[in-house]
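Visitor: Let me see the structure of the following:
(2 chains)
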Number of protein chains: 2
Amino acid sequence: MNIYDVSEKAGVSIATVSRVLNGNPNVSEPTRQKVLNVMKEIGYTPNVFARGLGLNTMHTIGIMCADSSDPFLANAVYYLEQNLRKCGYDSFLCCTGYDLINKQKYLQLLLSKRVDAIILVGSSFLEAAKKDNSYITAAADTIPVMVINGYINHPNIYCTLCDDYQAVYDVVNRLIDQGRRDILYLYTSRSYSGLQKLSGYKNSISSNGLIIQEDLMISCPNDITQTKDILMEQQKKGLHFDAVVASEDQLAVAAVKFAKQQGLSVPDDIAIVGYNNSILSGCTDPELTSIDNHVETLCMTTISTLMRVLDGNDVPNKTTISNDIAERETTNF
Amino acid sequence: MNIYDVSEKAGVSIATVSRVLNGNPNVSEPTRQKVLNVMKEIGYTPNVFARGLGLNTMHTIGIMCADSSDPFLANAVYYLEQNLRKCGYDSFLCCTGYDLINKQKYLQLLLSKRVDAIILVGSSFLEAAKKDNSYITAAADTIPVMVINGYINHPNIYCTLCDDYQAVYDVVNRLIDQGRRDILYLYTSRSYSGLQKLSGYKNSISSNGLIIQEDLMISCPNDITQTKDILMEQQKKGLHFDAVVASEDQLAVAAVKFAKQQGLSVPDDIAIVGYNNSILSGCTDPELTSIDNHVETLCMTTISTLMRVLDGNDVPNKTTISNDIAERETTNF
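Guide: Purely as a prediction, here's the structure:
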């Protein structure tokens, strides 16, 4: 049960339902009564609009992230917290790990603490089969759920994404334009965002008339040394590549280490592109060109969307932010 | 004061004390009164033992950290969460930022959520003048407070520290033994742990009969590019140094970048030592020697101490873990 159900059943606009919930006087008394009756009838909990009502609100937002030691997620959590505080909200963070059962447990815990909304950071929350997302959609029936870098089409769930598909598509295009032919793609995850990136890679390859080679797409652990070893092993087996695009900066750092160990010249022999434009990209030598997914903008947009939702505004379900490339020394674009 | 004191002073078994606290009816009224009187007399707060008693407990621990985007803090939060979960505890993290007022506010918020204990991660919570720590000591009067990498001597506050003083002392000693004379010390913070490191540096210099030079101790922003610029500027002014010891890996990365830009050979012309043995230390070229403060051990020790406290054991107020050096390519120890 959500604001859309109330609006539909009462035969009034979402904006009118919001006004009723906000105590806005620009609603006729009969309309107000009708809306309130529908809410009662369908058992709708106005938690969603607690901010406007000043009722039932602790001014606290629950944030869930799988792993705070991941640099991208850690930065996101930082920016979310900063922006929420500016809006007068406290936040609780739960680091859930990657197991579904713990994700479910933590979501329940946050709901039991009567948070005003939930923010899910990172697409790992949506990697499971669709039915496993029911704990998220159920939560959205009571309070707004914000998703960063993942997408579920469900009422009261608001997603802010960076355009990972386009970013990888574009960068692979540029590498092909420069004459690179064997572009290795390294990735860690088949999450929503992971699959977007992978499609961007494949579609760019095939739209340039090249053949998608399965052995050029390698799933790696999120660890520099292990990934470097995988590259060494693949090369020993005869795999040839003249460029590496990685789904995370850590994997691209491994490619830089690999190139050095093999005596390859970067970017002449091998171009390397990372992802996230994290602190790591400035540490390597040569420094790493990396796709910047604007984590700060993503987080600011998420919070401003959330504030509009809590104010009872009608807000689009999906906002996409475009990425761009932070060019450093591992490419010659 | 713990459950053993109550048991001893009241002349009843631990089990009887537990039954009283649990409201178990199998205790005679005179015994119950005796136990309650002893508790009152010795000022025993039963919250501390919520775990053993199964009373008043949400099995939830509040974690506070200033900034989750700091790699050391982010890792600590991750390990704490993992270890708490193994012990059957959930956790809430609050990223407080560095302002005292927000730290105070978040501590109150966690207390209002009836967490079983508070863990303060990082010494930034203790950098303020002593009187500003009263919000922490006040919290410790109701629930256990665990401090990672900081120290307050107060009942019901349990500190787990790494021996930052000794680690810096030892590494500076080794550099001097190798004939280095102008050892630059870069640091970001004058927190408890920051001051320990700085004393380690100074005492090592002076105990080797060298003179402590104020211009060799430079306070830097926690930013690679800005710190590199500071080093360039200092060198231009004529500052000479043949080794760099940094309080954070980020600053040591800056020193590696500086050496490269100046055409200095590392470690021959200049030895460089970082701190935290973070993911950054494996990214640079040459790879960074870094003091490993064993964040995982620190966190595991904190949790095992906490569990003993919650079980009503008498636990020492301070546990110190020794650091060691992860040797890589920026030194020739």
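Visitor: going forward, measure contacts and count neighbours with C-alpha atoms only.
Guide: OK.
Visitor: how many neighbours does the residue of the stretch 201-333 of chain A found nearest chain B have?
Guide: Using Cα to the nearest Cα, the closest approach of the stretch 201-333 of chain A to chain B is made by A:Thr284 at 4.7 Å. A:Thr284: 26 surrounding residues under other Cα atoms under 10 Å in any protein chain shown.
Visitor: ditto for A:Val27
Guide: A:Val27 - counted by other Cα under 10 Å - has 14 other residues nearby.
Visitor: low-scoring pLDDT stretches of chain A, where are they?
Guide: Applying pLDDT under 70 to chain A flags the ranges A:1-2, A:22-25, A:43-57, A:127-131.
Visitor: Figure out how far stretch A:325-333 is from the centre of its chain.
Guide: Centroid displacement of stretch A:325-333 relative to its chain, using Cα atoms, centre = their mean, to the nearest Å, is 24 Å.
Visitor: re earlier: list the contacts for the residue of the stretch 201-333 of chain A closest to chain B?
Guide: A:Val253, A:Val256, B:Cys283, B:Thr284, B:Asp285 (Cα atoms under 8 Å, 6 or more residues apart in numbering or on different chains).
Visitor: For beta bridges, what are the partners of A:Leu120?
Guide: Taking DSSP bridges, one obtains A:Met64, A:Val147 as the residues bridged to A:Leu120.
Visitor: does it really touch A:Met64, like I thought?
Guide: Yes - using Cα atoms under 8 Å, A:Leu120 is in contact with A:Met64, at 5.0 Å.
Visitor: The stretch 1-150 of chain A against chain B: which residues are in contact?
Guide: A:67-71, A:74-75, A:77-78, A:81, A:90-95, A:97, A:106, A:113 (Cα under 8 Å from any Cα of the partner chain).
Visitor: Out of those residues, which end up buried?
Guide: A:67-71, A:74-75, A:77-78, A:81, A:90-95, A:97, A:106 (16 or more other Cα atoms under 10 Å in any protein chain shown).
Visitor: In helices, which of the residues you listed appear?
Guide: A:Pro71, A:Ala74, A:Asn75, A:Val77, A:Tyr78, A:Glu81, A:Tyr106 (DSSP state H).
Visitor: excluding its backbone neighbours, what's nearest A:Glu248?
Guide: Leaving aside its chain neighbours, A:Glu248 sits nearest to A:Tyr275 (4.6 Å; criterion: Cα to Cα, 6 or more residues apart in numbering or on different chains).
Visitor: And the one you found, how far from A:Gln108?
Guide: According to Cα to Cα, to the nearest Å, A:Tyr275 and A:Gln108 sit 33 Å apart.
Visitor: same check, this time on A:Ala167
Guide: 35 Å.
Visitor: and those two? which has more neighbours close in?
Guide: A:Ala167 (23 against 14).
Visitor: Report how many residues lie close to the closest residue in space to that one that isn't next to it in sequence.
Guide: Take A:Ala167 and drop its neighbours on the chain: the residue closest to it by Cα to Cα, 6+ apart is A:Asn323, 5.9 Å away. By other Cα under 10 Å, the residues close to A:Asn323 number 20.
Visitor: Who are the contact partners of A:Asn323?
Guide: A:Cys162, A:Asp163, A:Asp164, A:Ala167, A:Ile291, A:Asp292, A:Asn293, A:His294.
Visitor: repeat that with 7 Å
Guide: Applying Cα atoms under 7 Å, 6 or more residues apart in numbering or on different chains to A:Asn323 gives the contacts A:Cys162, A:Asp163, A:Ala167, A:Ile291, A:Asp292, A:Asn293, A:His294.
Visitor: For A:His154, what are phi and psi?
Guide: phi -160, psi 140 (degrees, to the nearest 10).
Visitor: swap that for A:Arg181, sorry
Guide: Dihedral angles for A:Arg181 - degrees, to the nearest 10 - are phi -120, psi -30.
Visitor: what's the answer for the one 4 residues further on, then?
Guide: As for A:Tyr185, its main-chain torsions (degrees, to the nearest 10) stand at phi -120, psi 120.
Visitor: got it, and the one 4 residues further on?
Guide: With angles defined as degrees, to the nearest 10, A:Ser189 sits at phi -140, psi 150.
Visitor: Heading C-terminal from the helix or strand where A:Val17 lies, find the next helix or strand.
Guide: Using DSSP states H and E, A:Val17 sits in helix A:14-22. Once the chain leaves helix A:14-22, the next helix or strand it forms, by DSSP H and E, is helix A:29-42.
Visitor: So which residues make contact with that following helix?
Guide: A:Val6, A:Lys9, A:Ala10, A:Val17, A:Val20.
Visitor: Could you do stretch A:121-141 as well?
Guide: Residues contacting stretch A:121-141 (Cα under 7 Å, 6+ apart): A:1-2, A:64-65, A:73, A:104, A:147-150, A:154, A:156-157, A:190-193.
Visitor: Kindly check the end-to-end length of it for me.
Guide: 19 Å.
Visitor: Number of residues surrounding A:Arg328?
Guide: For A:Arg328, using other Cα under 10 Å, the count is 16.
Visitor: Skipping adjacent residues, who's closest to it in space?
Guide: A:Thr289 (4.5 Å).
Visitor: Please apply the same query to A:Tyr169.
Guide: Distances taken as Cα to Cα, 6+ apart place A:Gly200 nearest to A:Tyr169, at 4.2 Å, with adjacent residues excluded.
Visitor: Isn't A:Asp292 up against A:Asn277?
Guide: Yes - assessed by Cα atoms under 7 Å, A:Asp292 is found in contact with A:Asn277 at 4.9 Å.
Visitor: so what sits against both of the two?
Guide: In contact with both A:Asp292 and A:Asn277: A:Ala326, using Cα under 7 Å, 6+ apart.
Visitor: between the two, which one's more packed in?
Guide: Per other Cα under 10 Å, whichever of A:Asp292 and A:Asn277 has more neighbours is A:Asn277, with 24 against 20.
Visitor: Now the more buried one: phi and psi?
Guide: phi 50, psi 50.
Visitor: Is it correct that it is in contact with A:Glu296?
Guide: No - A:Asn277 is not in contact with A:Glu296 according to Cα under 7 Å; the separation is 11.7 Å.
Visitor: domains of chain A?
Guide: When chain A is parsed with automatic domain parsing, its domains come out as A:3-52, A:58-162+A:295-323, A:164-292.
Visitor: looking at those, which is closest to B:Arg180?
Guide: domain A:164-292 (25.5 Å; Cα to Cα).
Visitor: Distance from the chain centre to the closest one, please.
Guide: With Cα atoms, centre = their mean, you get 20 Å for domain A:164-292.
Visitor: Please apply the same query to stretch A:135-151.
Guide: So, by Cα atoms, centre = their mean, the centroid of stretch A:135-151 is 13 Å from its chain's centroid.
Visitor: All set, thanks.
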